[in-house]
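Trainee: following is a predicted model, sequence given first.
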Amino acid sequence: MIEKEKNRLNYLDILRGIAIIMIVLSHMERGMVSAGINSGYVDFLDMLLYSIHLPLMFILSGITEGLFGKLEEGKVSYGKYLKKNIISLYVPYLIFIYFYWFVKMYIFSGNHEVSFNDLFHLFYNGKWVFWFLLSLLSVKIVHGFFEKYMKNQYICTISFVLIYIISLFTNIKIIYWLSYGLFYHIGYLISKRDILKKYQKFFILGNLITLTIGLFLIGVVDDGIRMLLIGVPISILLFYLFYEKDCFKCIQICGKYSMVIYLCHTLLTASIRTIFLSLGIHNFTILLILGTIMATILSLLVVLIYQKIKIFRFIEYLFYPNEALNKMD
């Protein structure tokens, strides 16, 4: 999610694009439900979306680290690795969560409750949709430690499996954040092993069977199990489907600027929903589709603005602060 210009692979951008569109779609859907707009299929849609997009995004982050990361090879120190990821993830987190809080507090509250006391907790609390950035940062810190110093994939795998199991029985926030490390590690292993190629038919059949079981049990099991039974197999099947493909240019663009879409879409979906409702449009499906498309396009418009208008070039560095540092070097 955080890679922007260098080390780009078209098929990874396609998968990132699918993931970020699903995220926008899911937040649009939940926003409408909170506003009282509903549909007969909303429960199934909600469970399906939230079973897929988070595992997919973390798996893609793990693949990116495995393919392009220099930590394991000893080309970069753990300290520089930490610095890069803190700047790439925590700095945008701080900027946008406090901007979001300010807008919600003093301009447009939407469906989320805000208070002045949030001001003193947001820097670590991971509230609203921005928790993902703190979760990814936490995962990368821990996984990077294993990668750099442990040099043993079995220990790393067992550790993240245990954390994931513990997360199913506790509400401790840091455990919840780190539980997504299991998906990140799966992506990392995919990038480092040829097993998906060597045993392609076996993995495709196995994931289709697992997905079928997951869909059958979708309304019975909880979120954590659904992600394993639905999110992981769909992520791997998508990987097979688009591996080394160069297609769906519009989705590739969404993947390329997934960080911008992620950080911008929340306020946009709320505003778009409010405008549509004020115009008398209350159909759930129409609102969902149009709202997702518009929020995505408007987010990409931000990219166009800072790329084409020189005076707004600084906006890029709010999303990609490492870019500013790289130009100073």
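Mentor: Perfect, I can see it now. For clarity, every value in this text was computed on a predicted model and none was experimentally measured.
Trainee: what's the single longest helix in this protein?
Mentor: Of all segments of type helix in the chain, defined using DSSP state H, the longest is helix 42-68.
Trainee: and it, what does it pack against?
Mentor: Taking 3 or more C-beta pairs under 8 Å, 6 or more residues apart in numbering; DSSP states H and E as the contact definition, the neighbouring helices and strands of helix 42-68 are helix 10-34, helix 131-145, helix 181-192, helix 223-226, helix 232-242. All C-beta atoms are positioned from the backbone trio N, CA, C, and that covers glycine.
Trainee: and Gly280, which of the three is it?
Mentor: Taking DSSP: H, G, I helix; E, B strand; the rest coil as the rule, one finds Gly280 in the coil state.
Trainee: list the backbone torsions phi and psi for it.
Mentor: In this entry, Gly280 is assigned phi and psi values of phi 90, psi 10 (degrees, to the nearest 10).
Trainee: dump the residue contacts of it.
Mentor: By C-beta atoms under 8 Å, 6 or more residues apart in numbering, the contact set of Gly280 is empty.
Trainee: next SSE after the helix or strand harbouring Thr269?
Mentor: Secondary structure here is read from DSSP states H and E; on that basis Thr269 sits in helix 258-278. Scanning the chain past helix 258-278 towards its C-terminal end, the next helix or strand to appear is helix 284-308 (assignment: DSSP H and E).
Trainee: and the angle for that following helix with helix 42-68?
Mentor: Taking axes from the mean of the first three to the mean of the last three C-alpha atoms, to 10 degrees, one finds helix 284-308 and helix 42-68 inclined to each other by 30 degrees.
Trainee: other residues contacting the helix or strand just after helix 284-308?
Mentor: Going down the chain from helix 284-308, the next helix or strand is helix 314-319, by DSSP H and E. Contacts of helix 314-319 from elsewhere in the structure, counted by C-beta under 8 Å, 6+ apart, are Pro92, Ile95, Phe96, Met259, Val260, Leu263, Val302, Ile305, Tyr306, Gln307, Glu323, Ala324.
Trainee: ok, of those, which come out buried?
Mentor: By the neighbour-count criterion of 16 or more other C-beta atoms under 10 Å, the contacts of helix 314-319 include these buried positions: Pro92, Phe96, Met259, Val260, Leu263, Val302, Tyr306.
Trainee: centre-most residue in this structure?
Mentor: Met57 (4.4 Å; C-alpha atoms, centre = their mean).
Trainee: how about Lys197, what does it touch?
Mentor: Going by C-beta under 8 Å, 6+ apart, Lys197 touches no other residue.
Trainee: quick one: it from Glu73, how far?
Mentor: Noted for Lys197: a distance of 22 Å to Glu73, by C-beta to C-beta, to the nearest Å.
Trainee: can you check Leu45 too?
Mentor: In terms of C-beta to C-beta, Leu45 sits 42 Å off from Glu73.
Trainee: the more surrounded of the two?
Mentor: It is Leu45, of Leu45 and Glu73, that has more neighbours when counted by other C-beta atoms under 10 Å, with 15 against 8.
Trainee: just checking, the more buried one touches Glu29?
Mentor: Yes - applying C-beta atoms under 8 Å, one finds Leu45 in contact with Glu29, separated by 6.2 Å.
Trainee: ok, the residue nearest to the centre of the chain touching Ile18?
Mentor: No - shown here, Met57 and Ile18 do not form a contact pair, counting by C-beta under 8 Å, at 9.9 Å.
Trainee: quick check: end-to-end length of stretch 221-240?
Mentor: Stretch 221-240 has its terminal residues 27 Å apart, counting by C-alpha to C-alpha, to the nearest Å.
Trainee: just the residues contacting that stretch, thanks.
Mentor: With C-beta under 8 Å, 6+ apart as the criterion, stretch 221-240 contacts 11, 15, 18, 47-48, 50-56, 59-60, 164, 167-168, 179, 183, 186, 190, 196, 200, 203-204, 206-208, 210-211, 213-215, 217-218.
Trainee: show me how to select, in ChimeraX, the buried members of the residues you listed.
Mentor: Only the buried entries of those go into this ChimeraX selection, using 16+ other C-beta under 10 Å:
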select :11,15,18,47,48,50,51,52,53,54,55,56,59,60,164,167,179,183,186,190,196,203,204,207,210,211,214,215,218
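Trainee: tell me the SS of Phe123?
Mentor: Assigned state for Phe123: helix (three-state reduction, three-state DSSP).
Trainee: need the contact list for it.
Mentor: Listed by C-beta under 8 Å, 6+ apart, the contact set of Phe123 reads Leu94.
Trainee: try 10 Å
Mentor: Tyr90, Tyr93, Leu94, Ile97, Tyr98, Leu134 (C-beta atoms under 10 Å, 6 or more residues apart in numbering).
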